[in-house]
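Visitor: Following is a predicted model, sequence given first.
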Number of protein chains: 2
Amino acid sequence: MKQLTVDLDERSYPIYIGEALLGQSALLHSHIPGKTALIVSNETVAPLYLSKVSAMLSGVRHQSVVLPDGEEYKNLGVLNQIYDACLSHRLDRNTTIIALGGGVVGDMAGFAAASYQRGVNLIQIPTTLLSQVDSSVGGKTGVNHALGKNMIGAFYQPRAVIADTDTLNTLPERELSAGLAEIIKYGLIRERGFFDWLDANLDALLRRDPVALAHAIEVSCQTKAEIVAADERESGQRALLNLGHTFGHAIENGMGYGQWLHGEAVGAGICMAARMSQQLGWLGQADCDATIAQVARARLPIHAPAEIDVDPFIERMAVDKKVIDGVLRLVLMKAIGEAVVSTDYSEAQLRTAIESSYA
Amino acid sequence: MKQLTVDLDERSYPIYIGEALLGQSALLHSHIPGKTALIVSNETVAPLYLSKVSAMLSGVRHQSVVLPDGEEYKNLGVLNQIYDACLSHRLDRNTTIIALGGGVVGDMAGFAAASYQRGVNLIQIPTTLLSQVDSSVGGKTGVNHALGKNMIGAFYQPRAVIADTDTLNTLPERELSAGLAEIIKYGLIRERGFFDWLDANLDALLRRDPVALAHAIEVSCQTKAEIVAADERESGQRALLNLGHTFGHAIENGMGYGQWLHGEAVGAGICMAARMSQQLGWLGQADCDATIAQVARARLPIHAPAEIDVDPFIERMAVDKKVIDGVLRLVLMKAIGEAVVSTDYSEAQLRTAIESSYA
């Protein structure tokens, strides 16, 4: 078992990564301060792992709530099902909410924990590659609004994250690739060496080689943990983590939540950011090509969807949270391993980049 | 104009108290960092003061959202109207939400500010006596759930509080008394001298004497600010601020939100806490009588409502947030000016206290 620490002073917490962690009852118990808990999961994950987690909770009065599966259910109405469960079981402010599932479950259970009785304990048990490398680190929680993704939420840190790599054995191929999109991102924004390691090990990752997966998860979590520790509230360098995400959010939002997986949209978004960076003269053609090739090898889309024309695409980008006083800050690339946050581009250049990104 | 500071390190903020503050545009502008703002008010307050606040915002692109008036509208559905306004006006994370109204508006606008885009700036402009002395200090925000009051929310500090005492001139008598309940509370929990001052000045307060009101608001805010600064997340002495509130919440909840004003329920709740403290042998009979007499002089109810029988009353108390692992912590009194948080009582004693509190 590997253990990292996200260093946030009194809100610091450990991330455990390894095989068979869902059998380690003491590990879970050590992060539950009270006598009650609520497991939040979804219809896909609950049949696979809910009984395992429930068995780990002997001695803790616990219930579970099983949400419908999918980004389209990440809204205030479904969130209210978690509050209903908390209140009908009379859980008090010393209770622990355990998020068992992918990013959607983690985001919703996390926001419920942030807001139920103004904040209760939270433990994340991510069961997808995407959530293990990304959404379980950094404390972002929330739900979508009809007019924008993740528009309602909170920064709220868990007490612990337990990433059991065994859970990846049941992951559909498409979701495995979606997780790889975020892993690829870390090489691009900060770690040329990790980009090269990924180029050498991408086939192993796609074969779900456990050693390769554990290393990729560890490096990704470690990199994100370092960035988050330096900038918890996303005022500065943390914004680099959004490489590909502003383009990606426009795709997810424009196609309708649940049509493209988040990681798929990020994959295409990374390619769009690379193309725009190349067109601005910031990124060499070879690095641009290598970036797009790595995304493609991970079996991710590299083009903007034909269904979203340029104008609505720009329109969708303009409601992104990265807009400050009307100016859209984009994460672009100076090289592989060196991303920057920039407003140093014209709308015409953005338009050209989008136009050149259709298949 | 009086100015206090709530000292919470990087989340510290000023409270301004005085007459004609809604004419001071520069005061408001100095706490707005971005280029946009959203005023949140309700149907009662907006016709009186919205245009004044809007006039103060020249140069800031701003909109307003006017909510229905009443505790019964403090729920997730109405909260969503604020999110709708934020998104339809494309307000970004650098926007400022301005709460203009009483406690309900402050709680809802505050939680919207805490959760919109994971947190935007917040300015509180409380227009009732209750919200000026109480809910604008301490950062508690949130909405009710059908199964419990204030069950969904966040601790979130405003950037500034502007308490214009002129707004109290339009306040209904019943709401003036409701505000006095919280003011009386401060004398009881910590300041015997303030209790005596109130005894001498209660008639002046009921006549809305501006000098007396300003003093009462200042002492209440100062006392609360000191307690909150020492205990931002309500783990220790901050719980003393809940004197009368656990009984009061059971009354509000049992009667249906909006039937009793919050301050009215707190007034009766204070009397119930005093009676129970006396029955436990902790509070002298004279202090108990003086407490109840002061509440009565403020034209507040001093009895539990006949509509709620003992069993449902206890049932309602048991879902209060002060329950930790099944044990209900009550705020009780050792003397006037000395409240304590205690679990040192039996259910039979609680039952007796409630039984003796009906008219």
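Guide: Received, thanks.
Visitor: from here on, contacts and neighbour counts on C-alpha atoms
Guide: Fine.
Visitor: Please identify the residues of the stretch 101-250 of chain A in proximity to chain B?
Guide: Selection of the stretch 101-250 of chain A residues close to chain B by Cα under 8 Å from any Cα of the partner chain yields A:114-119, A:142, A:147-148, A:150-155.
Visitor: low pLDDT regions in the stretch 251-359 of chain A?
Guide: Along the stretch 251-359 of chain A, the model assigns pLDDT under 70 to residues A:257, A:320-326.
Visitor: all strands in it, in order from the N-terminus.
Guide: A:323-324, A:327-328, A:330-335, A:338-342 (DSSP state E, counting those that start in this stretch).
Visitor: which stretch among those comes nearest residue B:200?
Guide: Shortest distance between residue B:200 and the strands of the stretch 251-359 of chain A, using Cα to Cα, is found for strand A:323-324: 53.1 Å.
Visitor: With chain B as the reference, name the closest of the strands of the stretch 251-359 of chain A.
Guide: The minimum distance between chain B and the strands of the stretch 251-359 of chain A falls on strand A:323-324, with 6.1 Å, by Cα to the nearest Cα.
Visitor: the helices in the stretch 251-359 of chain A, which residues?
Guide: Remark: helices assigned in the stretch 251-359 of chain A by DSSP state H, counting those that start in this stretch are A:262-279, A:285-297, A:310-317, A:347-355.
Visitor: by how many degrees do the second one and strand A:330-335 diverge?
Guide: Per axes from the mean of the first three to the mean of the last three Cα atoms, to 10 degrees, the angle that helix A:285-297 makes with strand A:330-335 is 120 degrees.
Visitor: And for the longest one?
Guide: Note on geometry: by the same axes, to 10 degrees, helix A:262-279 and strand A:330-335 are set 60 degrees apart in direction.
Visitor: I figured residue A:34 hits residue A:97, correct?
Guide: No. With contact taken as Cα atoms under 8 Å, residue A:34 and residue A:97 are classed as non-touching, separated by 11.0 Å.
Visitor: more crowded one of the two?
Guide: The residue with more neighbours, out of residue A:34 and residue A:97 and counting by other Cα atoms under 10 Å in any protein chain shown, is residue A:97; that gives 30 against 17.
Visitor: got a list of what that one touches?
Guide: The contact partners of residue A:97, taken as Cα atoms under 8 Å, 6 or more residues apart in numbering or on different chains, are A:37, A:38, A:39, A:40, A:109, A:110, A:113, A:120, A:121, A:122, A:123.
Visitor: Does it lie in a helix or a strand, and which?
Guide: Secondary structure here is read from DSSP states H and E; on that basis residue A:97 sits in strand A:96-101.
Visitor: Show me what secondary structure element comes after that strand.
Guide: helix A:103-115.
Visitor: quick one: that next one to chain centroid distance?
Guide: The chain centroid and the centroid of helix A:103-115 are separated by 12 Å under Cα atoms, centre = their mean, to the nearest Å.
Visitor: The helix or strand following that helix - what's its average pLDDT?
Guide: Taking DSSP H and E as the definition, the helix or strand that follows helix A:103-115 towards the C-terminus is strand A:121-126. Averaging pLDDT along strand A:121-126 gives 97.
Visitor: Pull up the pairing partners for strand A:121-126, direction included.
Guide: strand A:96-101 (parallel), strand A:160-164 (parallel) (DSSP bridges).
Visitor: List the buried residues of the helix or strand just after the shortest one.
Guide: Following the chain from strand A:160-164 toward its C-terminal end, the next helix or strand by DSSP H and E is helix A:173-189. Of the residues in helix A:173-189, A:175-189 count as buried by neighbour count, 16 or more other Cα atoms under 10 Å in any protein chain shown.
Visitor: same for helix A:173-189, what does it pack against?
Guide: helix A:129-130, helix A:192-206, helix A:210-230, helix A:262-279, helix A:285-297, strand A:330-335, strand A:338-342 (3 or more Cα pairs under 8 Å, 6 or more residues apart in numbering or on different chains; DSSP states H and E).
Visitor: switch the cut-off to 7 Å
Guide: When contacts are defined as 3 or more Cα pairs under 7 Å, 6 or more residues apart in numbering or on different chains; DSSP states H and E, helix A:173-189 sits against helix A:129-130, helix A:192-206, helix A:210-230, helix A:262-279, strand A:338-342.
Visitor: before we move on, the earlier item: need the helices of the stretch 251-359 of chain A in a markdown table (columns: mean neighbour count).
Guide: Putting the helices of the stretch 251-359 of chain A into a markdown table (neighbours: other Cα atoms under 10 Å in any protein chain shown) gives the following:
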| stretch | mean neighbour count |
| --- | --- |
| helix A:262-279 | 27 |
| helix A:285-297 | 18 |
| helix A:310-317 | 17 |
| helix A:347-355 | 15 |
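Visitor: Which one of the ones you listed lies nearest to residue B:84?
Guide: Counting by Cα to Cα, residue B:84 lies closest to helix A:310-317 out of the helices of the stretch 251-359 of chain A; the figure is 16.3 Å.
Visitor: Grab the CA positions of that closest one and hand them over as PDB.
Guide: Taking only C-alpha atoms (Å, rounded to 0.1, in the frame of the first residue of the first chain), the coordinates of helix A:310-317 have been written out as PDB:
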ATOM      1  CA  VAL A 310     -18.000  27.600 -33.400                       C
ATOM      2  CA  ASP A 311     -20.300  30.300 -32.100                       C
ATOM      3  CA  PRO A 312     -22.100  28.100 -29.600                       C
ATOM      4  CA  PHE A 313     -18.800  26.600 -28.700                       C
ATOM      5  CA  ILE A 314     -17.400  30.000 -27.700                       C
ATOM      6  CA  GLU A 315     -20.700  30.800 -26.000                       C
ATOM      7  CA  ARG A 316     -20.400  27.700 -23.900                       C
ATOM      8  CA  MET A 317     -16.800  28.500 -22.900                       C
END
